[in-house]
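Chemist: Sequence first, predicted coordinates after that:
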Amino acid sequence: MATYKKRGYKPGTKEEQNTAVEDHSTTAEVFNTLDEGANKTEEWVARNQKYIFIIIGVAAVVILGYLGYEEFIQEPKEAEAANEMYMAQQYFDNALDAQGAQSDSLYNMALTGGQGKFGFEDIIENYGSTKAGNLARYYAGMAYLSTNQYQKAIEHLDDFKSDDEILAPLAKGGIGDAFLQLDQPEEALSYYEEAATMRDNNFTAPKFLLKAAMTAISLGDGEAAEEYLTRIEKEYPESAEANKVAAYMGQAQAMQQ
């Protein structure tokens with residue numbers, strides 16, 4: 001156990017003197033060991049400094065390269081892609097208000113371009129890594145869905161990645177719509193279920209719960225349909241879909257008798 005000694009204290013007995021010598025010797029050994037360790041570290045650094053500088057240099061290049069890429073390449077590319085999106089979006093919006101062949105023509109122009117401007121497919125190909133390129137996948141998927149090109153709709157909507165409150169479930173539900181048109185109701189139902197639970201809002205959740213209920217009825221699963229419809233009644237009573245629950249609830253319950 002260490003004992004505190006006052007300042008100026010001198011060992012008196014022979015035993016105390018021997019202890020003092022041992023303490024001094026031990027301390028000296030510790031410092032010698034530290035000096036030796038420091039010398040070895042310095043020698044190692046001296047021998048390997050070339051490699052150390054290379055590693056530091058590579059790290060600096062990576063960091064500076066990333067910052068430069070973001071500032072001088074990615075940001076201008078984002079702005080350029082967003083600018084290219086304008087005309088394609090105009091064609092898409094106009095197609096929503098049009099009818100029949102005119103609507104199909106506008107969707108195709110939105111997809112392939114017109115008046116010397118890119119369509120969604122061009123934007124995906126040239127700016128796929130940008131936010132606009134990702135959004136173009138959503139628009140393209142919906143345009144293909146509206147023009148009965150269901151497999152392409154599924155591919156583009158599946159590639160679309162988003163955390164958006166509305167677009168994310170709409171894309172997922174759009175895949176369900178495409179599968180339903182391809183006469184694959186089981187797959188459609190699974191996508192409607194997923195779309196209904198992705199976000200808890202008064203627009204997409206009841207929309208896809210109702211589609212799930214209708215699909216379940218078509219599959220002869222009245223019990224599942226009743227569960228979806230009951231959720232609309234209880235959780236989204238103010239939604240537009242709540243007004244349609246009664247009509248489908250009768251069918252769902254009749255199937256269980």
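Modeler: Great, that's in hand. Numbers count the residues shown, from 1 in each chain.
Chemist: buried sites along the host helix or strand of Glu226?
Modeler: For Glu226, the enclosing helix or strand under DSSP states H and E is helix 222-235. Within helix 222-235, the residues scored as buried using 16 or more other CB atoms under 10 Å are 222, 224-226, 228-229, 231-232. (Each C-beta comes from the backbone N, C-alpha and C, glycine too.)
Chemist: nearest to Ala195, of those residues?
Modeler: Closest approach between the buried residues of helix 222-235 and Ala195, by CB to CB: Tyr228, at 12.0 Å.
Chemist: contacting residues for the closest one?
Modeler: Shown in contact with Tyr228 (CB atoms under 8 Å, 6 or more residues apart in numbering): 196, 209-210, 212-213, 216.
Chemist: Is it correct that Tyr91 is in contact with Met109?
Modeler: Yes - Tyr91 lies in contact with Met109 (CB atoms under 8 Å); the separation is 4.5 Å.
Chemist: Could you tell me which residues touch both of those two?
Modeler: Residues within reach of Tyr91 and of Met109 at once, by CB under 8 Å, 6+ apart, are Gly119.
Chemist: quick one: which of these two has more around it?
Modeler: Set Tyr91 next to Met109 and count neighbours by other CB atoms under 10 Å: Tyr91 wins out with 24 against 21.
Chemist: What strand or helix carries the closest residue to the more buried one other than its chain neighbours?
Modeler: Among residues not flanking Tyr91 along the chain, Ala110 sits closest, at 3.8 Å (CB to CB, 6 or more residues apart in numbering). Using DSSP H and E, Ala110 sits in helix 100-112.
Chemist: count of residues packed around Leu96?
Modeler: 11.
Chemist: Check the one 5 residues further on too.
Modeler: For Ala101, the number of neighbouring residues by other CB under 10 Å comes to 8.
Chemist: How about Asp164?
Modeler: Per other CB under 10 Å, the neighbour tally for Asp164 reads 13.
Chemist: where does it land on pLDDT?
Modeler: At Asp164, the pLDDT value in this model is 92.
Chemist: what residue ranges in the stretch 51-200 of the chain are flagged as low confidence?
Modeler: Counting by pLDDT under 70, the ranges of the stretch 51-200 of the chain that qualify are 51-76.
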